[in-house]
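*Asks:* Here is the input, now give the coordinates:
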Amino acid sequence: MIDLDALTAALHILATSWQPWLVVVPGLLIGLVFHAIPGLTTSMAIAICLPIVPYMDFLSALIFMTAMYTGSLFGVAIPAILLNIPGSPSAVATTFDGYPMAQAGRHDEALGYALAASSFGQAFTYVVLLVLVQPIADVAIKLGPPEMLIITLWGLTLIASLRGRHFSRGLFAGGFGLLLGTIGVGARGAMRGTMGIDDLLDGIPIVPALIGLFAAAELFNLSKSEYIAGGTDVRAVSFRNILKGIVGTFRYPATLLRGSIFGAVIGILPGGHAIANLLSYSEAKRSAKDPESFGRGDPRGVIAAEAGNASSEGGSMATLLALGLPTGGATAIMLVAFDMHNITGGPQFMSAHKDIVYAVILSNLVQVAGLLLIGIPFIFVASSIVKVRIRAIIPIVLSLAIIGSYVLQHSLAGPLTLCIFAILGWLMRRFDYPVAATIVGLLLARLADGAMLRTWQLSGGHPSYFLQRPFALALLALLVASLVLPAIKTRRRKVLPILPENIS
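*Replies:* The predicted model follows:
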């Protein structure tokens, strides 16, 4: 499956040229810093650096942008764990157990778990990509609207069980997010729910809404405390605990490997990076013998979420390199770099520049090692935020979030969205409705809307159309299994304890 001639040429390029290696460390640091600050994104970092791309050779430009991507995939875990504010949709599930660990004074250990899981996930997916880049492209191109519709439905059915004690409230919150996500110009070109506001034509701004929903309740809760974490040793940042988290990650090989596989597969799909960590977390919780420990500071939750998030990078890059299709904002901006160098991505690029494809993959394996080395001291600095008093953190975080939301939208629509969803997030927390479910609904709404319309057009409204799509049927079977098996497992857990009494 590997083109040995192209691989040899890639090794020769990397061994004889020093320019590509000069951009790795700056790229990693930019990605780490940008995503460690709530409100800033990978897309923003890459977009800001685009003006210098024409002055680089094409390989150096690709490596520079993928290095930013690599750093950002771990960077999102920092505010998610320390502040319960995911700066990206791909870090939502990281908050579920990462923040409880921080509240218990295990912030540095949680970040150690996140770093190791992120590094392993990325290394895993790029090894897979090295071997299977061509077959992956062949599979991805066969995914049509029916398959995408089932995948989005799969994501939506998970929202009710990810967080919260009430399944019905989870469904309601997810449905509410789904409705909010349909605001704007729909797949058929009709305007829905804009109320005459031009800023809503493209829909509700996702990142400002996400920050508002997650930040509000936590900032209110944090205002009651002196520091972020609790405990007598709250202000200590232990290098030993960081290493403990890194080493401890590999005590859960099944969780780590499962999350990496989920991310690599889901990352191929548009928006897959946002779903990968949720699916990985959900599957880790479903397969655990003690699922009730998830959401209370279980390291497996952090490992599963971060492995799923990080490994989605390889899938996204496979789709970009092999098909010329971006699966998210970051890869969409990378595609602009192709145009700057008068290169068209897709199958023709794969056949004409296979040596560059292999060189990018090999450089990313080196980037993972660099992330692990740079990430450790970066964790030590970043986790020192717990030394700062809450009354100093709250205005800084709010200011950065408001500035970031304004920069994203280039108008007051960003800050206004943040404020409105901050109030909504506080109300949802107040009445025990899962905020994560609303976020997932927002993320998947447009994808589900477009996939449903195209499926209806292709099938003419006949359900028998799915019988002609074996891959769609396989995905549908997985969806049903993901709903039925947890219900059976929960029922057995409730019934088994009373069996001895009934027998006696």
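
*Asks:* Would you map the helices across the stretch 401-504 of the chain?
*Replies:* 413-430, 435-459, 470-495, 499-503 (DSSP state H, counting those that start in this stretch).

*Asks:* Out of those, which gets nearest to residue 131?
*Replies:* Comparing the helices of the stretch 401-504 of the chain by their distance to residue 131 (C-beta to C-beta), the top pick is helix 470-495, with 21.4 Å. Yep, even glycine has a C-beta here, placed from its N, CA and C like the rest.

*Asks:* okay, stretch 254-266 in CSV with CA atoms only?
*Replies:* Extracted as CSV, the C-alpha positions of stretch 254-266 are listed here (Å, rounded to 0.1, in the frame of the first residue of the first chain):
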residue,chain,number,x,y,z
ALA,A,254,-7.9,0.0,25.3
THR,A,255,-9.3,3.4,26.0
LEU,A,256,-6.3,5.1,24.2
LEU,A,257,-6.5,2.8,21.1
ARG,A,258,-10.3,2.9,20.8
GLY,A,259,-10.3,6.7,20.9
SER,A,260,-7.5,6.9,18.3
ILE,A,261,-9.4,4.6,16.0
PHE,A,262,-12.6,6.5,16.4
GLY,A,263,-10.9,9.8,15.7
ALA,A,264,-9.0,8.5,12.6
VAL,A,265,-12.2,7.2,11.0
ILE,A,266,-14.5,10.1,12.0
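
*Asks:* Adding mean pLDDT and distance to residue 362, write the helices of the stretch 401-504 of the chain out as CSV.
*Replies:* Below are these laid out as CSV (pLDDT from 0 to 100; distance: least, C-beta to C-beta, whole Å):
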stretch, mean pLDDT, distance to residue 362
helix 413-430, 85, 39
helix 435-459, 78, 32
helix 470-495, 70, 31
helix 499-503, 42, 56
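
*Asks:* Burial-wise, tell me which of those comes out on top.
*Replies:* Highest mean neighbour count of those: helix 435-459, a mean of 21 (counted as mean count of other C-beta atoms under 10 Å).

*Asks:* Show me how far it is from its chain's centre.
*Replies:* Taking C-alpha atoms, centre = their mean, to the nearest Å, one finds the center of helix 435-459 at 18 Å from the center of the full chain.

*Asks:* orientation of it relative to helix 413-430 in degrees?
*Replies:* Interaxial angle, helix 435-459 versus helix 413-430 (axes from the mean of the first three to the mean of the last three C-alpha atoms, to 10 degrees): 110 degrees.

*Asks:* okay but residue 58 is in contact with residue 341, surely?
*Replies:* Yes - look at residue 58 against residue 341 with C-beta atoms under 8 Å: they come within range, at 4.5 Å.

*Asks:* ok, back up a step: the helices of the stretch 401-504 of the chain into TSV, with extra columns for distance to residue 300?
*Replies:* Converted to TSV, the helices of the stretch 401-504 of the chain look like this (distance: least, C-beta to C-beta, whole Å):
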stretch	distance to residue 300
helix 413-430	24
helix 435-459	18
helix 470-495	16
helix 499-503	29
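
*Asks:* Tell me which of those helices sits nearest to residue 267.
*Replies:* For the helices of the stretch 401-504 of the chain, the distance to residue 267 is smallest for helix 435-459, at 14.5 Å, taking C-beta to C-beta.

*Asks:* Which among the helices of the stretch 401-504 of the chain is found nearest to residue 110?
*Replies:* Ranking the helices of the stretch 401-504 of the chain by proximity to residue 110 (C-beta to C-beta) places helix 435-459 first, at 17.9 Å.

*Asks:* Would you mark the buried spots in stretch 367-379?
*Replies:* Along stretch 367-379, the positions that meet the burial threshold by neighbour count (16 or more other C-beta atoms under 10 Å) are 367, 368, 370, 371, 372, 374, 375, 376, 378, 379.

*Asks:* Export it to PDB, keeping only CA atoms.
*Replies:* This file holds the C-alpha atoms of stretch 367-379, laid out as PDB (Å, rounded to 0.1, in the frame of the first residue of the first chain):
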ATOM      1  CA  GLN A 367       6.000  17.100  15.100                       C
ATOM      2  CA  VAL A 368       4.300  14.700  17.600                       C
ATOM      3  CA  ALA A 369       7.600  14.100  19.300                       C
ATOM      4  CA  GLY A 370       8.200  17.800  19.300                       C
ATOM      5  CA  LEU A 371       4.800  18.400  20.900                       C
ATOM      6  CA  LEU A 372       5.600  16.000  23.700                       C
ATOM      7  CA  LEU A 373       8.900  17.800  24.400                       C
ATOM      8  CA  ILE A 374       7.500  21.300  24.200                       C
ATOM      9  CA  GLY A 375       4.200  20.400  25.800                       C
ATOM     10  CA  ILE A 376       5.700  19.400  29.100                       C
ATOM     11  CA  PRO A 377       7.100  22.800  30.000                       C
ATOM     12  CA  PHE A 378       4.100  24.500  28.400                       C
ATOM     13  CA  ILE A 379       1.800  22.500  30.700                       C
END
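
*Asks:* tell me how far that stretch is from the chain's mean position?
*Replies:* Once both centres are worked out by C-alpha atoms, centre = their mean, stretch 367-379 turns out to sit 19 Å from its chain's centre.

*Asks:* Name the residues that touch that stretch?
*Replies:* Applying C-beta atoms under 8 Å, 6 or more residues apart in numbering, the external contacts of stretch 367-379 come out as 24-25, 27-29, 32, 36, 63, 66-67, 70-71, 74, 78, 108, 111-112, 115-116, 118-119, 122-123, 126, 242-243, 246.

*Asks:* Show the low-confidence segments of the stretch 151-300 of the chain, by residue range.
*Replies:* The model of the stretch 151-300 of the chain has pLDDT under 70 over residues 155-167, 214-237, 268-274.

*Asks:* now the strands for it?
*Replies:* Under the criterion DSSP state E, counting those that start in this stretch, the stretch 151-300 of the chain carries strands at the ranges 184-185, 191-192.

*Asks:* Can I get these in CSV including mean neighbour count and distance to residue 207?
*Replies:* CSV is the format used below for the strands of the stretch 151-300 of the chain (neighbours: other C-beta atoms under 10 Å; distance: least, C-beta to C-beta, whole Å):
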stretch, mean neighbour count, distance to residue 207
strand 184-185, 16, 15
strand 191-192, 14, 21
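
*Asks:* Could you dump these into JSON lines with distance to residue 146 added?
*Replies:* Rendered in JSON lines, the data for the strands of the stretch 151-300 of the chain read as follows (distance: least, C-beta to C-beta, whole Å):
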{"stretch": "strand 184-185", "distance to residue 146": "23"}
{"stretch": "strand 191-192", "distance to residue 146": "24"}
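
*Asks:* For residue 416, find the nearest of those.
*Replies:* With C-beta to C-beta, the closest approach to residue 416 among those belongs to strand 184-185: 15.8 Å.

*Asks:* what's the closest one packed up against?
*Replies:* Using 3 or more C-beta pairs under 8 Å, 6 or more residues apart in numbering; DSSP states H and E as the contact test, the elements touching strand 184-185 are strand 191-192.

*Asks:* can you give me how far the strand it packs on is from the chain middle?
*Replies:* For strand 191-192, the distance from its own C-alpha centre to the chain's C-alpha centre is 28 Å (C-alpha atoms, centre = their mean).

*Asks:* now swap in stretch 301-315 and tell me
*Replies:* Here the centre of stretch 301-315 is set off from its chain's centre by 7 Å, with C-alpha atoms, centre = their mean.

*Asks:* For the residue lying closest to residue 104 once chain neighbours are set aside, give its distance to residue 95.
*Replies:* Nearest residue to residue 104, sequence neighbours excluded (C-beta to C-beta, 6 or more residues apart in numbering): residue 297, at 5.6 Å. When distances are taken as C-beta to C-beta, to the nearest Å, residue 297 and residue 95 turn out to be 12 Å apart.
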